[in-house]
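Peer 1: got a predicted structure plus its sequence, pasted below:
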Amino acid sequence: MLQIGSTLISLDLIDRYFECDLGSCLGECCVEGDAGAPLTEEEAEKLIPLAEELAPELLPGAQLVLAEQGPSYRDQDGDLVTSIVDGRDCIFTTYGPGGVCLCALEKARREGRPGFFKPISCSLYPVRVKEYDAFTAVNLHRWKICKCAEVLGRAKGIRAYQFLKEPLIRRFGEEWYKELEIAAEHLLKEHPNGLPG
């Protein structure tokens, strides 16, 4: 583990290679899983008017879920997450050519419409952030559907922390990321054959 301020960071974030390979996985992380994407309280509030605005662009099943329970709910652990359709798709999942998953929130933002890019947990994935009383844990979630992203990252020489630079800065700030970069460079130089533990 690496500590920066009150964050404890898994060394996997530095050691592992990663770059999303949408052409291979088709955005499966928006579909698979047993709950929606984790949300902050602020994001859940912002999603209410956004979901209503985007409703006509959502899939029919998502429109039904939206009408019945809204854009978010509390999962079995009591965490706020995006609503899901048929126990799978995030409510904001749409599909593009070739069956690629597209986020309706991200699409709207890229088109210059008001709102936010997408939940920070989605932008950070495969990083998962968990808040505790004394610290914030920053872990890299490894999942078989992201194997192609690990392969592509290795082929390009891109580490997970490098691929996730922008969302990590959005979540933790520029100074935090600079400290992470310095620590990563030092650790990788010291352990060229892989980090311990």
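Peer 2: Happy to help now that I have it. Just so it is clear, the model here is predicted, and its values are computed rather than measured. Residues are numbered from 1 along each chain as shown.
Peer 1: and stretch 140-151, how far out from the chain's middle?
Peer 2: 13 Å (CA atoms, centre = their mean, to the nearest Å).
Peer 1: again, but for stretch 111-127
Peer 2: Computed by CA atoms, centre = their mean, the chain-centroid distance of stretch 111-127 equals 8 Å.
Peer 1: same deal with stretch 169-181?
Peer 2: Mean C-alpha position of stretch 169-181 versus that of the full chain (CA atoms, centre = their mean) differs by 17 Å.
Peer 1: biggest helix in this structure, by residue count?
Peer 2: Criterion DSSP state H: the longest helix present in the chain is helix 174-190.
Peer 1: got the contact list for the nearest residue to Arg154 once chain neighbours are set aside?
Peer 2: Once flanking residues are discounted, Arg154 sits nearest to Tyr17: 4.0 Å by CB to CB, 6 or more residues apart in numbering. Heads up, the C-betas are built off the backbone N, CA and C, glycines and all. Residues counted as contacts of Tyr17 (CB atoms under 8 Å, 6 or more residues apart in numbering) are 150, 153-154, 156-160.
Peer 1: 6 Å instead, please
Peer 2: When contacts are counted by CB atoms under 6 Å, 6 or more residues apart in numbering, Tyr17 touches 150, 153-154, 159.
Peer 1: quick one, helices of this structure?
Peer 2: Per DSSP H, the chain carries helices over the ranges 12-15, 22-25, 41-54, 60-69, 104-110, 120-124, 147-156, 160-163, 165-172, 174-190.
Peer 1: could the ones you listed go into TSV alongside distance to Tyr95, mean neighbour count and mean pLDDT?
Peer 2: Below are the helices of the chain laid out as TSV (distance: least, CB to CB, whole Å; neighbours: other CB atoms under 10 Å; pLDDT from 0 to 100):
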stretch	distance to Tyr95	mean neighbour count	mean pLDDT
helix 12-15	30	21	94
helix 22-25	12	15	82
helix 41-54	15	16	91
helix 60-69	11	14	93
helix 104-110	11	18	86
helix 120-124	16	20	90
helix 147-156	19	16	93
helix 160-163	24	21	96
helix 165-172	23	17	95
helix 174-190	33	14	94
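Peer 1: mind putting these into CSV with distance to Ile84?
Peer 2: Below are the helices of the chain laid out as CSV (distance: least, CB to CB, whole Å):
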stretch, distance to Ile84
helix 12-15, 27
helix 22-25, 18
helix 41-54, 13
helix 60-69, 7
helix 104-110, 14
helix 120-124, 13
helix 147-156, 22
helix 160-163, 26
helix 165-172, 22
helix 174-190, 31
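Peer 1: and the gap between Leu164 and Ala62?
Peer 2: 27 Å (CB to CB, to the nearest Å).
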